[in-house]
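Engineer: Coordinates for the following, if possible.
(one chain, ligands or ions: 1)
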Amino acid sequence: MDKKFQTALIHAPRKAGQYIETIQPPLFRASTIIFRNTDALFNRHWTDDYDYSYGTHGTPTTFTLGDNIAQIEGGKYHLLTPSGLSAINLVNSCFLYQGDEVWVPDNIYGPNMEHLNYLESHYGIQVRVYNPIDVATFQPTEKAKLLWLEAAGSITLEFPDLIGLVKKARAHNILTALDNTWGAGLAFNAFDFSNEHLSVDITVHALTKYPSGGGDILMGSVITQDKALHHKLFRTHAVQGIAISGDDAALVQRSLASMQIRYQHQSNSALQLLTWLKTQEAFAQVLHSADPENISHSYWKETCQTEQSAGLVSVIFKAEYDMNAIRKFCDALKLFKLGFSWGGPVSLVMLYNLADMRHLEHSHLQQGILVRFCIGLEDADDLVADIQQALKAL
Ligand SMILES: Cc1ncc(COP(=O)(O)O)c(C=O)c1O
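Structural biologist: I've put the predicted structure just below:
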């Protein structure tokens, strides 16, 4: 059949990728997925993870990535979302109902707290804060439905008493959700993290960080091991129309091959920086849970048996340095760029006023301005030299 130019353009004869083997899986971009015939249409099972019916539910590209992330994290079922924060929000909006109580660590990722405050004001959810290194401060009532965990907290970097907290949540029949962005499935297995094979129920992961690794893509995941739990999340994901782009999924998939090597490099560099930062006069405190002097070190050690940790180190400047001085320091850095996020190739720096961020009293944290260093893929010696020259600006 002779086709008109416009038709020929759309029905191009060459279909790439179907019969050749390539290093990366083929990329599918889809809103519409074409059914072979009406039988296929009427027999579709869109709630089946591997039945393709419409782009929002997924394509082989997104399912391949999701399967890989689930495998890296030690889980089974996956959902992908357009950002780490939307993965967090998916969990909150799926499991919290009016009048429910949700428990969050005091070092929680700030936008998660903001989302929960929003739910509190709109839907009467009650938000309660606990100290992640003191399980006694987690005092659930019978209304408690969800316990959020972060290991480690992404700014002050305390590693929680994961074993104590998960055991207590289990005893009260409370669902546990871990923001697994820091560990990324590499520092420890959230679905089997103790000698007693303890497991969290749900992990969320900002794939924006280590899985993407490029500092150029936003994405999140929600991983579970339990089919019923997954199906609840799946329904919420579907009715909210949450979907990701095939191109983004393919780019993250491409970066997974180097993820462990990048994580290990950044973990090693963070430890090198930690050792050097601790020798510097300007800091009242250097924060990293792999530091034996860190208050949460024993929790890190019992959980992260691979001895790996994300490439994050924070410092609290001595109280004599005010915000103006610290701003001069940050502006003087050359390799560390000023920006949010982590896990990418370029080292980043961010400054925080701790007094604005905490709800509970924390005697283990000094007063002062906190600066977080996010280690990129540069040589650690150069990063040390960069901080050294910037300290002169103080
Ligand atoms: C601990 C943690 N969780 C979740 C997120 C959210 O990820 P995204 O930036 O993809 O929304 C971030 C981002 O900085 C984070 O640090």
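
Engineer: Spell out which residues of this protein are next to the ligand.
Structural biologist: 83, 84, 85, 109, 154, 179, 181, 206, 208, 218, 220, 341 (C-beta under 6 Å from any ligand atom). (Each C-beta comes from the backbone N, C-alpha and C, glycine too.)

Engineer: and the nearest residue to residue 157 once chain neighbours are set aside, how many neighbours?
Structural biologist: Distances taken as C-beta to C-beta, 6 or more residues apart in numbering put residue 287 closest to residue 157, at 4.8 Å, once the chain neighbours are dropped. For residue 287, the number of neighbouring residues by other C-beta atoms under 10 Å comes to 27.

Engineer: coming back round to it: and which of the residues of the chain next to the ligand is nearest to residue 257?
Structural biologist: Set against residue 257, the nearest of these by C-beta to C-beta is residue 208 (17.8 Å).

Engineer: what about the helices in the stretch 151-300 of the chain?
Structural biologist: Along the stretch 151-300 of the chain, the stretches classed as helices by DSSP state H, counting those that start in this stretch are 162-171, 227-239, 246-256, 259-277, 297-303.

Engineer: who's in contact with the third one?
Structural biologist: When contacts are defined by C-beta atoms under 8 Å, 6 or more residues apart in numbering, helix 246-256 is touched by residues 24-25, 27-30, 59, 61-62, 64-65, 68, 72, 80, 207, 211-214, 216-219.

Engineer: In the stretch 251-394 of the chain, which residue sits nearest the ligand?
Structural biologist: residue 341 (5.2 Å; C-beta to the nearest ligand atom).

Engineer: May I ask you to confirm that that residue is in contact with residue 215?
Structural biologist: Yes - applying C-beta atoms under 8 Å, one finds residue 341 in contact with residue 215, separated by 6.7 Å.

Engineer: Could you export the helices of the stretch 151-300 of the chain as JSON lines, including distance to residue 320, mean neighbour count and mean pLDDT?
Structural biologist: Listed next are the helices of the stretch 151-300 of the chain as JSON lines, based on distance: least, C-beta to C-beta, whole Å; neighbours: other C-beta atoms under 10 Å; pLDDT from 0 to 100:
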{"stretch": "helix 162-171", "distance to residue 320": "36", "mean neighbour count": "19", "mean pLDDT": "98"}
{"stretch": "helix 227-239", "distance to residue 320": "49", "mean neighbour count": "16", "mean pLDDT": "95"}
{"stretch": "helix 246-256", "distance to residue 320": "42", "mean neighbour count": "19", "mean pLDDT": "97"}
{"stretch": "helix 259-277", "distance to residue 320": "18", "mean neighbour count": "19", "mean pLDDT": "97"}
{"stretch": "helix 297-303", "distance to residue 320": "28", "mean neighbour count": "19", "mean pLDDT": "95"}
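
Engineer: Distance of the residue nearest to residue 157 relative to residue 21?
Structural biologist: Residue 287 sits 47 Å away from residue 21, going by C-beta to C-beta, to the nearest Å.
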